[in-house]
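Chemist: just to be clear, the model below is a prediction. Sequence and coordinates:
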Amino acid sequence: MDAVRSRMSGVRVPSASSLVYKDECMFSFDTPFSEEGLAVNLGTWHGVGEPYWDLDHKRSGVGLYLLQKWKSVPKPQEELDAEKELAGSGAIIIPGSERTIEKEHAILLLPERTQIPYSPTDDSIPTIVSQACNAIISHEGSAVIESAAAFVDDFVPQESKYARELVQLPADGKKISSDPKKWVCDETGVTENLWLNLSTGFIGSGRKHFDGSGGNGAAERHWEGTGCKYPLVVKLGTITPNGADVFSYAKDENDMVIDPLLAVHLKHWGIDIMQMEKTEKTMAELQVTLNLEHDWSKITEDNGREMETLSGPGLVGMANLGNSCYMNSVLQCLFNLPEIQARYVAPADAIFASAPANPADDIPTQLAKVGVGLTGDRYAAPVAQQALGDTPVGTDDVCVRPLMLRTVVGRGHAEYSTGRQQDAAAYLVHLLEMVARAEHTNRDRLTEACGTLSPSMLGMFEATMETRTQCLESKQVRYTTTPQALLGLHVPMDAAENTSEYKAYQEQKRAKTVSDGTDPVVAKVSFEACLGRYFGDEVIPDFMSSALNRKTSASLHTRFLTFPRFLLVTVNRYYMSETWEPKKLEVEVPVPLTLDLEAYRSAGGVQPGEEALPDDDAAPAPTVDQAVVQQLMTMGFSENGCIRAVQAVGSAGVEAASEWIFAHMEDADFNDPLPQSAAAAGTLMFVLVTWCWLVFRLQCCTSMRVCWQCS
């Protein structure tokens, strides 16, 4: 043990609230299920896969690690039979529930890579080392804690209507012990997932989870057996001075709730909330754990057939973290571009070596990590192995799980910090903005690692759009420019190539006369028609002309002043119906393999024979809350209308802005572009709700012809 003692100086013991990265490597997607396992630094609590052991040791100076090696094995037949009997007839067997996880631990000494088998009951290990190892083993892990925080943000329980007037039966000397070892179900004798009825003092097992785990429902049966009069239960093991999980079985609630008098109700049964410590996962943490372990990536086609499996470098799958397909599609698209690979994959080792103290909070590190995972072969399982099902459900380490990147990119954002589904195009713009900030902050470090940061990653996708506005009375013009990273196209349904057939089919649907087996008729609109609508002339009826000093009409159109390396395009087929319901257009927009944009190139500013409008003496542009604008746009309102609403109500929020919209949506200028002085702050314009988005690669900047790569 002398070698262990000589390395103890940097060892620290984590608390329950510490961030312990025990589930995944900081620099790769190795997990405890990887062949070499996952080593957790006993000083920083950072997990590292075998290829990065030496790097982490050099960065931290700590030489002691807890090595975790997990393996999924079939459960003994006796255990399976017992579970099936307990579940009863007709129970659904969840894929993966027939397996269990065997866990082995060892103390890893670096740089020698010596491994000493470890058990939590091993008395020969120095106390501080065993305390650190045991704390890491029992810790929930950062993946669960951070995902649970997103889950909690997404779901806010309401105060139960039964809490303040809760009936509590006389205790008659009954006291609930504060020792978790003495808690047991009053009906079945089980000792896990226990809930205390705050009215009766009955301790019962909770409901069974969707995967077959959890309890046996004793707590709910007790509520039913007492006439459904005592609905509030608290989960033992989650009680802390900050609160606990409280559930209401009442039929008009039947959900997690808040009990504002929880401390008083617990005291009635002898529990001092200020002395309690958390010993079990909360329901949010359990939900996250089930999401992380469930195989969300099992994809089938519409007819139920599994899709063909592809694998290899560049064909590496990504785990769905639960409502994360929008992020996965963005990352797969970006790292399919050689320029992005050259920026973050090729110099990945240098980026990792220069990462800050906590690489999980560093966007360049996490981008490089994802890029290496997607383009390499370490996580590309052989197709034959996948076809045979050799990788157990829930323990699949042969994929990229971009949880750290999602966390750091979404931190502090009203939408992307939650577990809700998002729009891929809007997220792409947000990601590019976040990367641009990170590249600016880490310019010296990244320049040394990458060689050059010109153009920025955002600059690869950013075009300069020029808007020409002409006063129709004075004929004078004004040119304004705006950087734009995403071209948002709307679908002109009146330009459908099969309008008569489509309208006839819609009439048959309304009349319910469509014959069985009839193929649906979908409108077909050319991509060129969508471009024509975007770049076409618009008439502004109430334009304030600086030449006339009064309102008049003006025409407006937009052109490319500069073209980006890659052109991002999104086609929007969502709209708001007459009943104010978001609906999707039944339309196909075929995308050509080559696209000629020469007609949409700007000649560049005021041309010979044109006269410029006098400059406005307007006030500086006010700023608007882009998060509120985005939320309003999800309701189907135009970007200009949403900006007008947010400017009108200031910081009053979404509800006030929505009321303003309903009061002014019939205004003639509601959807018109704002005057330059009233334009919203920010440099990026984008369409929030989308159908699909494409990446166009510039082939010849002189001819403005492009080919496309589909995301």
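Modeler: Received it, and whenever you're ready, just let me know what you need. Residues are numbered from 1 along each chain as shown.
Chemist: could you use CA atoms for every contact and neighbour count after this?
Modeler: Noted.
Chemist: OK, contacts around the residue lying closest to residue 323 once chain neighbours are set aside?
Modeler: Closest residue in space to residue 323, ignoring its immediate chain neighbours: residue 421 at 4.8 Å, by C-alpha to C-alpha, 6 or more residues apart in numbering. Applying C-alpha atoms under 8 Å, 6 or more residues apart in numbering to residue 421 gives the contacts 323, 324, 326.
Chemist: skipping adjacent residues, who's closest to residue 11 in space?
Modeler: Of all residues beyond its chain neighbours, the one nearest residue 11 is residue 43 (4.5 Å), with distances taken as C-alpha to C-alpha, 6+ apart.
Chemist: give the contact list for the one you found.
Modeler: Neighbour list for residue 43: 10, 11, 12, 60, 62, 64 [criterion: C-alpha under 8 Å, 6+ apart].
Chemist: these two touch, right, the second one and residue 132?
Modeler: By that I understand residue 11. Yes - Residue 11 lies in contact with residue 132 (C-alpha atoms under 8 Å); the separation is 7.3 Å.
Chemist: quick check: neighbours shared by these two?
Modeler: With C-alpha under 8 Å, 6+ apart, residue 11 and residue 132 have common neighbours residue 42.
Chemist: how many neighbouring residues does residue 41 have?
Modeler: Residue neighbour count, defined by other C-alpha atoms under 10 Å, stands at 30 for residue 41.
Chemist: how far away is the closest residue to it other than its chain neighbours from residue 138?
Modeler: Leaving aside its sequence neighbours, residue 41 sits nearest to residue 65 (C-alpha to C-alpha, 6+ apart; 4.6 Å). Remark: distance between residue 65 and residue 138 (C-alpha to C-alpha, to the nearest Å) = 16 Å.
Chemist: those two - which one has more neighbours?
Modeler: Using other C-alpha under 10 Å as the criterion, residue 65 and residue 138 rank with residue 65 on top: 30 against 10.
Chemist: partner strands of the helix or strand harbouring that one and their direction?
Modeler: For residue 65, the host element (DSSP states H and E) is strand 64-74. In the sheet, strand 64-74 lines up against strand 38-41 (antiparallel), strand 99-109 (antiparallel) (DSSP bridges).
Chemist: list the contacts of it.
Modeler: Contacts with strand 64-74, where a contact means C-alpha under 8 Å, 6+ apart, come from 4, 7-8, 11, 32-43, 98-110, 133, 392, 395.
Chemist: could you export that strand as CSV, CA atoms only?
Modeler: The C-alpha trace of strand 64-74 is given here as CSV (Å, rounded to 0.1, in the frame of the first residue of the first chain):
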residue,chain,number,x,y,z
LEU,A,64,-5.0,7.6,-8.0
TYR,A,65,-8.1,6.6,-9.9
LEU,A,66,-11.1,4.4,-9.3
LEU,A,67,-11.4,2.0,-12.2
GLN,A,68,-14.9,0.9,-13.0
LYS,A,69,-15.6,-2.1,-15.2
TRP,A,70,-19.2,-3.1,-15.9
LYS,A,71,-20.6,-6.0,-17.8
SER,A,72,-24.1,-6.9,-18.8
VAL,A,73,-25.0,-10.5,-18.1
PRO,A,74,-28.2,-12.5,-18.3
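Chemist: so can I have CSV of the contacts of residue 43 showing neighbour count and pLDDT?
Modeler: Below are those laid out as CSV (neighbours: other C-alpha atoms under 10 Å; pLDDT from 0 to 100):
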residue, neighbour count, pLDDT
10, 14, 92
11, 21, 96
12, 18, 96
60, 14, 96
62, 21, 96
64, 29, 97
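Chemist: understood, closing this out.
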